[in-house]
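> show me the folded form of this:
(4 chains)
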There are 2 protein chains.
Amino acid sequence: MARQARTPEAREARVKAIMAAALDQFSKVGFEAARLDDIAQAAGVAKGTIYLYFESKERLLEGLVASTISAPLEALEHSVAASTAPASELLRQYGAFMAQGAQNADRRRVMHLVFSEGARFPAIAQFHHREVISRGAALIRAIIAKGRASGEFVHDEPERFPQLVIAPALVAAVWLHVFDPIEKLDAPALISAHIDMLLRALKGG
Amino acid sequence: MARQARTPEAREARVKAIMAAALDQFSKVGFEAARLDDIAQAAGVAKGTIYLYFESKERLLEGLVASTISAPLEALEHSVAASTAPASELLRQYGAFMAQGAQNADRRRVMHLVFSEGARFPAIAQFHHREVISRGAALIRAIIAKGRASGEFVHDEPERFPQLVIAPALVAAVWLHVFDPIEKLDAPALISAHIDMLLRALKGG
DNA sequence: CCGATAGATGACCGCGAAGTCATTTTTTTG
DNA sequence: CAAAAAAATGACTTCGCGGTCATCTATCGG
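From the prediction side, this is the model:
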């Protein structure tokens, strides 16, 4: 078998290949049922090689979730902090962000993994909560607060429950994994309709 | 060990005990990681006994999900069909139904099981879709259509996407399983706030 | 060009769990 | 009450997978 040069880039590429193959398998059959042999084969390495980079199957799962750094979320945070646009526009941007997430199979798969296995692996639940959920919630609260300060919004439910804003994105992630063969779902249209209702509800008397 | 009399009731009680223990384990550690020995012990039977009632671990999962007949949903269907109350009142009833579901650990656990394992076990995804999701969706569509016919509601997003109504209930089920140790969630308050927003959004100009 | 070192490999080991079945216990029946 | 039938048991078998490590290969320093 042809071997790679041992540059740092090759090392990184190998780690990425392993994590990509692992996400594939974990997502397809679940963490427990996934076999390291299959992951190794899909990544184009021997099983032993995985253990040069990850000390156990569980750490592979954790590393995989932790490597999903939410660059798009960070971009949105900066955009919102810098923007002078009305809050309703910022909320639409947030909707677009969620719609993009719903279209991205890898992001959906990581979300679904966290929801499926998070109770058993506190490390991934905590990481996801800290890096994704709490940041998303803070962003939502900031947008709603801004809209209320400017008089654009007259209600505040999502400030108390930011989950009300992201709920349809979670539904989309679950639905596309579990029920899509039975009934298709147009996730961006779902999220768009949700944002429309949200804006009316926040403005409405 | 004391043995049970072999009446039909005892047989049924035994099946129920097995399924209850199985739900407990499946929900706690996941289907793959759950051990039949533990389920048997928790149910107070020997492992072999499980195979007198279920032909495999997988069939036990399927039987368990299928046995969760949604009596409350049926009651709500009848209530809505018979009621002359305004649509907004029916939607509040639907919210109360979801809040009850969110408070019931067994219903939450079955939902979470379906969302976690449904992709791997089409039988449970199909059953849940047919018996719970499609019926819930039909109910939502009927309520919205009634409200629009009477002029109470002037918007129709949930008729196209009934998921917009149930999304927070799904969020609550997932949250209570995965993130509750990290951040508590008052599920009934979440759902109540959601229904408030929903009604404003449906009525609002 | 040749050790030496770090990286990669995959055959192998041990364990643990799904599923089986000979045996034991309980119930039924004549 | 005895014998036959049915139900329940749990020790045992089988097998698949996580994890290990002796061996092999590629790179590099001198």
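
> so chain A: which segments form each domain?
Following automatic domain parsing, one gets these domains for chain A: A:1-55, A:57-202.

> to DNA strand C, which of those lies closest?
Taking Cβ to the nearest atom of the strand as the measure, these were each checked against DNA strand C, and domain A:1-55 came out nearest at 1.8 Å. Placement of C-beta: from N, CA and C, glycine included.

> for the closest residue in space to A:Ala46 that isn't next to it in sequence, what are its contacts?
With Cβ to Cβ, 6 or more residues apart in numbering or on different chains as the measure, A:Ala40 is the residue that lies nearest to A:Ala46, at 6.0 Å, once sequence neighbours are left out. Taking Cβ atoms under 8 Å, 6 or more residues apart in numbering or on different chains as the criterion, A:Ala40 is in contact with A:18, A:21, A:46-47, A:49-50.

> report all helices and strands that the helix or strand hosting A:Ser116 contacts.
Mapping A:Ser116 onto the secondary structure by DSSP states H and E places it in helix A:105-117. Contact here means 3 or more Cβ pairs under 8 Å, 6 or more residues apart in numbering or on different chains; DSSP states H and E; on that basis helix A:105-117 packs against helix A:8-29, helix A:57-66, helix A:87-103, helix A:122-128, helix A:163-178, helix B:105-117, helix B:163-178.

> quick check: which ranges of chain A have low pLDDT?
Residues of chain A that meet the criterion pLDDT under 70 lie in A:1-6, A:205.

> let me have the helices and strands packed on helix A:105-117 in a markdown table, adding mean neighbour count and distance to A:Pro72 as columns.
Putting the helices and strands packed on helix A:105-117 into a markdown table (neighbours: other Cβ atoms under 10 Å in any protein chain shown; distance: least, Cβ to Cβ, whole Å) gives the following:
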| stretch | mean neighbour count | distance to A:Pro72 |
| --- | --- | --- |
| helix A:8-29 | 17 | 17 |
| helix A:57-66 | 18 | 16 |
| helix A:87-103 | 20 | 6 |
| helix A:122-128 | 18 | 15 |
| helix A:163-178 | 24 | 13 |
| helix B:105-117 | 21 | 24 |
| helix B:163-178 | 24 | 21 |
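
> now the ones you listed as CSV including distance to DNA strand C?
Listed next are the helices and strands packed on helix A:105-117 as CSV, based on distance: least, Cβ to the nearest atom of the strand, whole Å:
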stretch, distance to DNA strand C
helix A:8-29, 6
helix A:57-66, 13
helix A:87-103, 33
helix A:122-128, 20
helix A:163-178, 22
helix B:105-117, 14
helix B:163-178, 21
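
> nearest to A:Gly136, out of these?
A:Gly136 lies closest to helix A:163-178 among these, at 6.2 Å (Cβ to Cβ).

> what's the next secondary structure element after the closest one?
helix A:187-203.

> and that next one with chain B, contact?
Yes: contact between helix A:187-203 and chain B is present through A:189-190, A:193-194, A:196-198, A:200-203 (criterion: Cβ under 8 Å from any Cβ of the partner chain).

> how distant is that helix from the center of its chain?
Taking the mean of its C-alpha atoms, helix A:187-203 sits 20 Å from the chain's own mean (Cα atoms, centre = their mean, to the nearest Å).

> elements contacting that helix?
Helix A:187-203 packs on helix A:87-103, helix A:157-160, helix A:163-178, helix B:157-160, helix B:163-178, helix B:187-203, going by 3+ Cβ pairs under 8 Å, 6+ apart.

> what's the second one in contact with?
By Cβ under 8 Å, 6+ apart, the surrounding residues in contact with helix A:157-160 are A:140-141, A:144-145, A:148, A:164-165, A:198, A:201-202, B:189, B:193-194, B:196-197.

> let's see if you can find the most crowded of these.
B:His194 (28 neighbours; other Cβ atoms under 10 Å in any protein chain shown).

> residues contacting A:Thr49?
Taking Cβ under 8 Å, 6+ apart as the definition of contact, the neighbours of A:Thr49 are A:14, A:18, A:40.

> ok, the first one - contacts?
Residues counted as contacts of A:Arg14 (Cβ under 8 Å, 6+ apart) are A:4, A:43, A:45, A:49, A:53.

> please, which helix or strand holds the fourth one?
A:Thr49 is part of helix A:47-53, with elements assigned from DSSP H and E.

> same question for that helix: list its buried residues.
Judged by neighbour count using 16 or more other Cβ atoms under 10 Å in any protein chain shown, the buried positions of helix A:47-53 are A:Ile50.

> what about it and DNA strand D, touching?
Yes: under the criterion of Cβ under 7 Å from any atom of the strand, DNA strand D is reached by helix A:47-53 at A:47-48, A:51.

> all good on my end, thank you.
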